[in-house]
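# Here is the input, now give the coordinates:
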Amino acid sequence: MSYNVFVCNAPFVEEEWMGKLLLVARGHEFVDEVLDALGDVEVEVVVGKPTVDEWRTALLVLVDARRQALTAGMPAHPRMQIVAPAALTGDRLAAAIRGWQAEYPDSAVCRLPRAAPGLRELVALTVAGGRPAEVRIGVVGGHGGAGATTLAVALALVAADEGWRTLLVDAIGRGGVDDRLGAPVTSLRVVDAPDYPAVEVEQNAAEVKVVDLDRTLGGAQVEAARLCDLVLLVGNVQRNAMASRRVAVRLAGAGVRFGLMPSWRHDHVALALAEEFAVPVLDEVPLDPASIFSDGRVHLIGRCRLLAMARDVVRRGPTIIARVAA
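Next comes the predicted model:
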C-alpha cells in the first residue's frame, strides 16, 4: 500500500533562477517519451548523472523515476518532479513511488501518459516565472470547528502581505471571515457572497483568490469549488471520519480537484481516505495555542506555524496545484 503525500513545509527560496529546464534520464527512450509529453519546450537533456552546476542552475528538474541514483549527492532543489514512463507499472511502479517518497517527500511521482497535462502545466508555469496570472484556492471543513475559516483567512492575509492582489470570498456568510480577520491589509479585498460565490470569483480581478466554502456544499458552493484550482479539505479526520468522508464524496462527485489537510500528518484515517479518493495528503494544519489569537482573530504576527504554513502554500501554490493535477 502506498500513499501520495505532498509535504508543503519545505523552506521557500526567494532566488532568481537563470537556467533551463533540465531532464535527467536513464535512457533515450525515456527522453523521447517526456519530450513528446511536453510538446514544444526547450529542455536541456542529460542521460546519466548531471553535474552539480547543471542541477543547481536548472529552473525545473525532471528525473527518471526508475533511477534514484541519478540524484545521489545533489543539493536540494526547490523544483524537482519525478516522472515515471508508461512502461513502469505494477509492483515496480509502487516500489519506485515508495523509494522516492522516502527520499524526497514533497516531490510527487507522476506517471506518463496520464500525467502529461499536469506536467505541461507545471513546465509552463515555471517558464512563465513560477506563477500563473491567477491562483484560486478553496478551503472547506470536514466538520464543524475544523479550522477551515481560520486557514482561509490566514492564506488571504499572507498572500496580501506578499504584495499580491488578493480576494477573500466568504461563501458561508455567517460572519465567520469577519470574526477571524485581524487588521486589514491594503491589497486584500473581502466579499460576502453566500448565495452566488462563483460570480464573485469570476468577476473580481485578483492574483490570489481564496474561497471559504460551506461544508454542506450545496449547488452554489459546488459551483464555486469547481472554479478553484485546488480545494483544501481541512479536519480532524480520525475523530470525524464520517463527516469528513461525506465532504470528500461531494467534492469528488462534483469533479473538484482537492487535497486533504488533516490536523496531523500521520492521521491513518486521513491516509486511508486519501487513498480511497486518490488525492494527496498535504501538510497538517497547525493548531496554534489560542493565546496567539487572543481576540479570536488572525493577525500578521512574527512566529506562528499557521502563518508560516499558509505563506508556503501561497508561494508554492502553482507547483502544488500542478502536482495534484498529476
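# need the strands for the stretch 51-200 of the chain, in chain order.
Ranges of strands within the stretch 51-200 of the chain are 60-64, 80-84, 109-111, 135-141, 166-170, 188-192, based on DSSP state E, counting those that start in this stretch.
# Let me know how buried the residue nearest to L217 when sequence neighbours are not counted is, in neighbour terms.
Among residues not flanking L217 along the chain, R250 sits closest, at 4.3 Å (CB to CB, 6 or more residues apart in numbering). Quick note: C-beta positions are derived from backbone N, CA and C, even for glycine. Counted with other CB atoms under 10 Å, residues neighbouring R250 total 18.
# so R250 touches V222, yeah?
Yes. In terms of CB atoms under 8 Å, R250 counts as a neighbour of V222; the distance is 7.1 Å.
# check which helix or strand covers the residue nearest to L217.
helix 241-253 (DSSP states H and E).
# What is the helix or strand following that helix packed up against?
Scanning forward in sequence from helix 241-253 by DSSP H and E, the next helix or strand is strand 258-262. Packing partners of strand 258-262 (3 or more CB pairs under 8 Å, 6 or more residues apart in numbering; DSSP states H and E): strand 230-235, helix 241-253, helix 268-277.
# Same list, the strands of the stretch 51-200 of the chain, but as CSV with mean neighbour count, distance to V256 and mean pLDDT please.
Below are the strands of the stretch 51-200 of the chain laid out as CSV (neighbours: other CB atoms under 10 Å; distance: least, CB to CB, whole Å; pLDDT from 0 to 100):
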stretch, mean neighbour count, distance to V256, mean pLDDT
strand 60-64, 25, 27, 92
strand 80-84, 23, 23, 91
strand 109-111, 22, 20, 89
strand 135-141, 27, 8, 92
strand 166-170, 26, 15, 93
strand 188-192, 18, 21, 91
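# okay, those in a markdown table with distance to L22 next?
What follows is those, written out as a markdown table (distance: least, CB to CB, whole Å):
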| stretch | distance to L22 |
| --- | --- |
| strand 60-64 | 5 |
| strand 80-84 | 9 |
| strand 109-111 | 16 |
| strand 135-141 | 25 |
| strand 166-170 | 33 |
| strand 188-192 | 37 |
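# wait, which of those strands is closest to A308?
A308 lies closest to strand 135-141 among these, at 16.6 Å (CB to CB).
# who's in contact with that closest one?
Residues from elsewhere that reach strand 135-141 (CB atoms under 8 Å, 6 or more residues apart in numbering): 147-149, 151-152, 155, 201, 207-215, 217, 224-225, 227-235, 247, 251, 256, 258, 313-314, 317-318, 321.
# Next: stretch 55-67.
Applying CB under 8 Å, 6+ apart, the set of residues contacting stretch 55-67 is 17-27, 30, 34, 43-44, 70-71, 74-75, 77, 79-85, 88, 93, 96-97, 100, 109, 119, 122-123, 126-127.
# 6 Å - rerun?
Residues outside stretch 55-67 that contact it (CB atoms under 6 Å, 6 or more residues apart in numbering): 17, 19, 21-26, 30, 70, 74, 77, 79-84, 96, 109, 126.
# Point out where the stretch 151-300 of the chain drops to low pLDDT.
Where the stretch 151-300 of the chain drops to pLDDT under 70, the residues are 175, 287-294.
# you'd agree D214 is up against A220?
No. The criterion here is CB atoms under 6 Å, and D214 misses it with A220 at 8.8 Å.
# Who has more neighbours out of those two?
Per other CB under 10 Å, whichever of D214 and A220 has more neighbours is D214, with 21 against 18.
# Quick check: the gap between that one and D195.
Applying CB to CB, to the nearest Å, the value for D214 to D195 is 11 Å.
# can you check W55 too?
Distance of W55 to D195, given as CB to CB: 51 Å.
# Tell me which of those two has more neighbours.
Per other CB under 10 Å, whichever of W55 and D195 has more neighbours is W55, with 22 against 9.
# list the contacts for S107?
80, 82.
# and what of V177?
V177 sits next to 170, 212 when contact means CB under 6 Å, 6+ apart.
# swap in the one 4 residues further on?
Contact analysis of L181 by CB under 6 Å, 6+ apart lists V153.
# Who is it paired with across the strands?
Beta-bridge partners for L181, by DSSP bridges, are V298.
# heads up, I number from 834, so please use that
New numbering, starting at 834: the last item is L1014.
# ok, and which of the helices and strands packed on strand 1091-1095 has the densest surroundings?
When you average the neighbours per residue for each of those (mean count of other CB atoms under 10 Å), strand 1063-1068 leads with a mean of 27.
# what pairs with that one, and is each one parallel or antiparallel?
If you go by DSSP bridges, strand 1063-1068 pairs up with strand 968-974 (parallel), strand 1091-1095 (parallel).
# With distance to E1117 as new columns, can those strands be given to me in JSON lines?
Listed next are those as JSON lines, based on distance: least, CB to CB, whole Å:
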{"stretch": "strand 968-974", "distance to E1117": "15"}
{"stretch": "strand 1091-1095", "distance to E1117": "6"}
